[in-house]
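Trainee: next input, structure requested:
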Amino acid sequence: MNRILLVEDDKSIIENLSAFLKDEGFMVESTSTQNEALEMVENSDFDLVLLDISLAQGNGFAVCSGIKSSKDIPVIFLTASGDEYSVVAGLDMGADDYINKPFRPRELISRIKSVLRRYGKTPSSMEEGGIRLDPVKGTVQKNGKEIFLSALEYKLLLVFFNNRGKVLTRNALLDEIWDVSGDFVNDNTLTVYIKRLREKIEDDPQKPAVIKTVRGLGYKLGR
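Mentor: Below you'll find the predicted structure:
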């Protein structure tokens, strides 16, 4: 599980963003000051730092400079929309990416995962119920033997693994896979793809143990 340090002085952002990141499977610690951020980085092992530029005590530029001078930890700046100077200055100091406020949570998660992959800080494979998915190689194995999925089936399974333990509504799944296939994917065809996926990964597709149906809510992988 990846550890993220959130450096932000807006208490509402800390509370809401920390809760969201934890729901996405990250461990999150937070601080609102420059000195404490640098101390936490020095004394703990974080996989990534989310860093606001404006802090009540100190500033994000100094934090980024301090991090990059001592440790190889990726930094993503949270910047005010349209603040081009801050973006350029942050990147010049070694920041790995930036995202403008207000940001869409899903876009932020995508940016985080992309940066973590570049640093080799994401697991090479994920496993649940005898199914092993390797997102680097793009392969899926069932009980040690490779199985072959269509592009949309693979994307669907990857969405479940990336949201392990979380109930996904049908609308959430459609939002994730709509652009994978050239064919139009609607609520009815989603049912067909889930059925096909289960036929390939479940020991008993009639009694699914990997991708479970949560009645009235959606689907879930894992506990």
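Trainee: starting at the chain centroid, how far to the least confident helix or strand in the chain by mean pLDDT?
Mentor: When each helix and strand of the chain is scored by mean pLDDT, DSSP states H and E, helix 84-92 comes last, with a mean of 81. In terms of Cα atoms, centre = their mean, to the nearest Å, the centre of helix 84-92 is found 24 Å from the chain centre.
Trainee: and it, C-alpha only, in PDB?
Mentor: C-alpha atoms of helix 84-92 as PDB (Å, rounded to 0.1, in the frame of the first residue of the first chain):
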ATOM      1  CA  GLU A  84       1.500  29.700 -14.700                       C
ATOM      2  CA  TYR A  85       4.400  31.100 -12.800                       C
ATOM      3  CA  SER A  86       3.900  28.700  -9.900                       C
ATOM      4  CA  VAL A  87       3.600  25.800 -12.300                       C
ATOM      5  CA  VAL A  88       6.800  26.600 -14.100                       C
ATOM      6  CA  ALA A  89       8.700  27.400 -10.900                       C
ATOM      7  CA  GLY A  90       7.600  24.100  -9.400                       C
ATOM      8  CA  LEU A  91       8.600  22.000 -12.400                       C
ATOM      9  CA  ASP A  92      12.000  23.800 -12.500                       C
END
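Trainee: list the buried residues in that helix.
Mentor: 86-87, 89-90 (16 or more other Cβ atoms under 10 Å). C-beta here means a position set from N, CA and C on the backbone, and glycine is covered the same way.
Trainee: got the domain ranges for this protein?
Mentor: Per automatic domain parsing, the structural domains of the chain span 3-118, 126-221.
Trainee: and among these, the most buried is which?
Mentor: Among the domains of the chain, domain 3-118 has the highest mean neighbour count (mean count of other Cβ atoms under 10 Å), at a mean of 17.
Trainee: end-to-end on it?
Mentor: Taking Cα to Cα, to the nearest Å, the first and last residues of domain 3-118 lie 16 Å apart.
Trainee: and stretch 67-77, by the same measure?
Mentor: Start-to-end span of stretch 67-77 (Cα to Cα) is 13 Å.
Trainee: which strands and helices sit next to the least confident helix or strand of the chain?
Mentor: helix 60-70, strand 75-80, strand 97-101 (3 or more Cβ pairs under 8 Å, 6 or more residues apart in numbering; DSSP states H and E).
Trainee: now mean pLDDT and distance to Val167 too, for the ones you listed, in TSV please.
Mentor: Shown next, in TSV, are the helices and strands packed on helix 84-92 (pLDDT from 0 to 100; distance: least, Cβ to Cβ, whole Å):
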stretch	mean pLDDT	distance to Val167
helix 60-70	92	35
strand 75-80	89	28
strand 97-101	89	26
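Trainee: tabulate the ones you listed (JSON lines), appending distance to Val140.
Mentor: Listed next are those as JSON lines, based on distance: least, Cβ to Cβ, whole Å:
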{"stretch": "helix 60-70", "distance to Val140": "36"}
{"stretch": "strand 75-80", "distance to Val140": "30"}
{"stretch": "strand 97-101", "distance to Val140": "29"}
